[in-house]
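**Q** Quick one: sequence and predicted model below, then my questions.
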Amino acid sequence: MDGRWDFYFLLVDDRPASIFVDLARIEHAPLARFPVMAWVSVEMRRPREDGLSGSDEFDALVRLEDAVVPALERDGGVLYVGRNTSAGRRDFYFYVADGSDWETRVLSAMRLAPDYRHEAGQRPDADWSVYRDFLYPRPRERHGMQNRSVCDALERQGDALVAAREIDHWAYFPDARGRDAFVAGALALDYRLREQADDADEGGERCMARVFRSDVPAHGAIDGICLPLYDLALECGGRYDGWECPVVEGGRLQ
């Protein structure tokens, strides 16, 4: 599958959801040649209680996607941009040059997955609002995706992500007032100040704060560690710029 695909979790209509999206499309969206948004909604056979896909259906859903999406793209004029899994359904989103025969094309393609019931439809969306406003992650969600990428990089270096260690966090502000408010808020969250500067000049944001705390950078924990600082920096008129920590391999800092 071409593109730059990634996933993230969120709530859709107050229910847990997982979106898998081609992030690369944002660089050229909208494409005038594909003014129609088309969709296929598949009813999962064994969803989890929370409406997301379960491990026992994972392989079947992969086979469905690997068969149906290429079949729809085969005749040209179709771009697959992402999917949403929620409420016991998996919804696939496309942009097409002409949606007049979409339901017929879907009916033919879904013969490759006869065990699944589906619905399909299409509507004009020349601005690609469904892709830009629904599928594409917002800044806070993108930061969560970056957290996962850093954890993945640590694992590739042999870190089991089970040991606590000092994790440093950076934030930048246009003035010292916002920076100082951030530091005060971080201290209230049991962080400590590592350093601060008034001449950082990070994209015009001259005031920097670097705070740290001992935490375990595990996949299931890192968002809870970082996102409160992300929100705090935003509330103080600044920008959270990420985190780093040493690698712990075999119980030893590297």
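**A** In hand now; what should we look at? Numbers count the residues shown, from 1 in each chain.
**Q** Just say helix, strand or coil for residue 242.
**A** Of the three states, residue 242 takes strand under DSSP: H, G, I helix; E, B strand; the rest coil.
**Q** Now residue 231: closest residue in space that isn't a chain neighbour?
**A** Among residues not flanking residue 231 along the chain, residue 140 sits closest, at 7.8 Å (C-beta to C-beta, 6 or more residues apart in numbering). Bear in mind the C-beta positions are built from the backbone N, C-alpha and C, glycine included.
**Q** how much space is there between residue 237 and residue 141?
**A** Going from residue 237 to residue 141 by C-beta to C-beta, to the nearest Å gives 21 Å.
**Q** quick one, strands of the stretch 51-200 of the chain?
**A** Taking DSSP state E, counting those that start in this stretch, the strands of the stretch 51-200 of the chain run over residues 78-86, 89-96, 118-124, 165-173, 192-197.
**Q** From residue 193, how far out is residue 12?
**A** 39 Å.
**Q** Same drill for the two, tell me which one is more crowded.
**A** Higher neighbour count among residue 12 and residue 193: residue 12, with 16 against 13, using other C-beta atoms under 10 Å.
**Q** Correct me if wrong: that one contacts residue 91.
**A** No - counting by C-beta atoms under 8 Å, residue 12 does not reach residue 91; the two are 9.7 Å apart.
**Q** Name the residues that touch stretch 233-241?
**A** 143, 169-175, 178-179, 181-182, 185, 202, 205, 207, 226, 229-230, 232 (C-beta atoms under 8 Å, 6 or more residues apart in numbering).
**Q** Can you measure across that stretch, start residue to end residue?
**A** Using C-alpha to C-alpha, to the nearest Å, the end-to-end distance of stretch 233-241 comes to 9 Å.
**Q** got the buried residues for that stretch?
**A** 233, 236, 238, 239, 240, 241 (16 or more other C-beta atoms under 10 Å).
**Q** Distance check, the residue nearest to residue 57 when sequence neighbours are not counted against residue 58.
**A** Of all residues not flanking residue 57 in the chain, residue 46 sits nearest, at 4.7 Å (C-beta to C-beta, 6+ apart). To residue 58, residue 46 is 10 Å away according to C-beta to C-beta.
**Q** and if you look at residue 50?
**A** Counting by C-beta to C-beta, the gap from residue 50 to residue 58 is 15 Å.
**Q** is it true that residue 118 touches residue 44?
**A** No - here residue 118 does not reach residue 44: they are 10.9 Å apart, not a contact under C-beta under 8 Å.
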